[in-house]
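Q: Output the structure for:
(chains A, B, C and D)
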Number of protein chains: 2
Amino acid sequence: MSTPAGRAPTIIEVAARAGVSKSLASRALRGERGVADETRRRIHVAAAELGYRINSAARSLARGQSGIVGIVLNDIGNPHFTGVVAGAEAEARERGLRTIIGHGAGSAPDLARQIETMLELRVDGIVVVSSWAPREVLEHAAQLTPVAVVARLDEPPESLDMIASDDAHGARAATEHLLAIGCRHIAYVTRSTSVTSAARGRGVRTAIEQVGLELAEYRVGPEDDEEIERILRSGVDGVLANNDLTATEILRVARERGIDVPGDIALVGYDDTPLARIVSPALTSVNQPQRAMGRRAIECISERRDGRTDPERAWYEPTLLVRGSTFRR
Amino acid sequence: MSTPAGRAPTIIEVAARAGVSKSLASRALRGERGVADETRRRIHVAAAELGYRINSAARSLARGQSGIVGIVLNDIGNPHFTGVVAGAEAEARERGLRTIIGHGAGSAPDLARQIETMLELRVDGIVVVSSWAPREVLEHAAQLTPVAVVARLDEPPESLDMIASDDAHGARAATEHLLAIGCRHIAYVTRSTSVTSAARGRGVRTAIEQVGLELAEYRVGPEDDEEIERILRSGVDGVLANNDLTATEILRVARERGIDVPGDIALVGYDDTPLARIVSPALTSVNQPQRAMGRRAIECISERRDGRTDPERAWYEPTLLVRGSTFRR
DNA sequence: TTGTAGGCGTTATCAC
DNA sequence: GTGATAACGCCTACAA
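A: Numbers count the residues shown, from 1 in each chain, chains lettered A, B, ... in the order given. The predicted structure follows:
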């Protein structure tokens, strides 16, 4: 029946079947004008009968572009990224661009490899949703194709666009909220060493030192419930997590080990993902407009393709959303 | 500074810089033997200095394969898929294959488009993690490259491999558990019309009819809290959701509207994703070995590449994990 | 309106 | 060990 290892039909076979030259077939298939209606019809019929699909390798080799933009991110399990991707995909579709995703599984070398793959695929632009990508890799990529980074970069290269929100500011607002509800022993707990996480840590510190208190800062590994419990029992009364994922883990551990949130400890997440609303108590969290940021990234890619060369620095304001995990009294 | 629209250097320029022919450069860069050590070194240096990256379009055009396998799925926001992807990526890496992800955003045409893109990209195989892909599209794809579907297909084409778990069986087990803890008015609530969801529905029905009771079945749209509340207040005492995502939504609505789980209603999810453990009460759920299924998919692709032609049908047994959302008395 | 003839950057097959 | 040279499948002048 089927042809397990069937070679894909080429445009030459389509042309032969339609009784025309391959150039004419190419024009017809691309929908260019300057092909007789009847001929065009024959060509399309032939293509359909053969199950012809364009060979994008050949096309992008000949044209130098692919009509595809790559989205590279380092954790598809984190709903924050999901939101950005959704925005980027929507915008791309509206602009007639297709998208593929490269998944970096959380490590810098992995991310770099994914960016390389996109480069090799000769995509028409790359959206990097991560602050983990090595600077050289980004710069190199930006030399070959438009690059937009949706994340905080300490010193973003001139050659690429950056879409970010002010992490320090958001973390500061969250911390001031904790102080306002009466917390005096506040901890920042992160599972990440990214510059994003670091910026949030700085925000917390700023707010705390402003009122003359002391900050406790912890980095915890994955699946380390004991470590988390130790932190929760160290006398803290307020915790800011580096993101909602970490916050929900903390919440789970607290529940499993009999620590009451928000009674014993007030807890704040970051990113305001859907996770924040499905847990109980619902998480107070810092919102970033993920979808809007994703859309903006694609706009940047488009603008660059149209010739813009000066770098874009789009900052979005984070806003605190107060929910049950910080209700007191 | 940077070359915004810089053409990427080609192997010819590398060869020229190293003072050798392009064929020799090609061999050296690919790490083939039969190149003098000193020459090889010179070539690598030249490539590094130029920032050379292979043009994968040209390579796959010349070779007829790309070393990349495509993973296509229809909801990156669903942790079930995340698990399968993680397994597939791990296995692929171990086999020296690279992966890219196509995201179908939940609709069949979208999924089809993503599969088309993979075909055009001439990937070496496609893992489709969805039961939504139109049959013709799958068959066509399977004719050109190995295809493994990680999902339940009603009548899987001979030309492709299928990795699935027995949804009806899992749903039946979950329902029997609900019956065992005393539920008498059981509802199946789904947000999907996929054959996977339908199979789970059949499982519930089987179990319920076996004891002479009646099943209530509901399909709810996204963001429709009112509808969910109506169902919860219709006199049911046990609910099986089509997956954990739906179950956590139900749990949230119940909490927000003052319905006690498991007190008033016992609730069961499906897929046993990380979500099941972070909510409170933790969700009883039906486990599928996502990672193992993802790995198996890549194995299938590999085997097909090595010449296997008879279809693989891998079935994994689902197992019920009982947690707080179904504790009674 | 249609066809001819390169060329895109690699790889692969031969000779040397 | 090394270097010509012909594919690979498509696009794009240019010519008919």
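Q: what angle separates the lowest-mean-pLDDT helix or strand in chain A from helix B:56-63?
A: When the helices and strands of chain A are scored by mean pLDDT, DSSP states H and E, helix A:56-63 comes last with a mean of 87. Interaxial angle, helix A:56-63 versus helix B:56-63 (axes from the mean of the first three to the mean of the last three Cα atoms, to 10 degrees): 120 degrees.
Q: For the residue with the shortest distance to the centre of chain A, list each beta-bridge partner.
A: Per Cα atoms, centre = their mean, the C-alpha nearest to the average position across chain A is that of residue A:129, at 3.4 Å. Going by DSSP bridges, residue A:129 is paired in beta bridges with residue A:73.
Q: Report the contact partners of it.
A: Going by Cβ atoms under 8 Å, 6 or more residues apart in numbering or on different chains, residue A:129 touches A:71, A:72, A:73, A:74, A:81, A:84, A:85, A:149, A:150, A:151, A:294, A:297. In this view, the C-beta of every residue, glycine as well, is placed from N, C-alpha and C.
Q: change it to 7 Å
A: A:71, A:72, A:73, A:81, A:84, A:150, A:151 (Cβ atoms under 7 Å, 6 or more residues apart in numbering or on different chains).
Q: Nearest to DNA strand D among these?
A: Lowest distance from DNA strand D to the contacts of residue A:129 (Cβ to the nearest atom of the strand) belongs to residue A:71, with 23.7 Å.
Q: That closest one: neighbouring residues, count only.
A: Residue A:71 has 30 neighbouring residues, counting by other Cβ atoms under 10 Å in any protein chain shown.
Q: Need the three-state assignment for it.
A: Look at residue A:71: counting by DSSP: H, G, I helix; E, B strand; the rest coil, its state is strand.
Q: And the contacts of residue A:129, which is closest to residue A:134?
A: Comparing these against residue A:134 with Cβ to Cβ places residue A:72 closest, at 12.4 Å.
Q: any low-confidence regions in the stretch 201-329 of chain A?
A: Along the stretch 201-329 of chain A, segments meeting pLDDT under 70 span A:329.
Q: OK, now which residue of it is nearest to DNA strand D?
A: Counting by Cβ to the nearest atom of the strand, the stretch 201-329 of chain A gets nearest DNA strand D through residue A:305, at 15.0 Å.
Q: sorry, back to before: can you lay out the contacts of residue A:129 as a markdown table showing distance to residue A:57 and pLDDT?
A: Output for the contacts of residue A:129, formatted as a markdown table (distance: Cβ to Cβ, whole Å; pLDDT from 0 to 100):
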| residue | distance to residue A:57 | pLDDT |
| --- | --- | --- |
| A:71 | 20 | 97 |
| A:72 | 20 | 97 |
| A:73 | 25 | 95 |
| A:81 | 29 | 95 |
| A:84 | 29 | 97 |
| A:150 | 28 | 97 |
| A:151 | 31 | 95 |
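Q: out of those residues, which one sits closest to residue B:174?
A: The closest of the contacts of residue A:129, once distances to residue B:174 are taken by Cβ to Cβ, is residue A:81, at 30.8 Å.
Q: rewinding a little: from the contacts of residue A:129, which is closest to residue A:115?
A: Checking those against residue A:115 with Cβ to Cβ, the nearest one is residue A:72 at 5.7 Å.
Q: Okay, that closest one and residue B:8: tell me how far apart.
A: Relative to residue B:8, residue A:72 is positioned 18 Å away (Cβ to Cβ, to the nearest Å).
Q: what does residue A:48 give?
A: Between residue A:48 and residue B:8 the distance is 35 Å, computed by Cβ to Cβ.
Q: Who has more neighbours out of those two?
A: More crowded of residue A:48 and residue B:8, by other Cβ under 10 Å: residue B:8, with 19 against 10.
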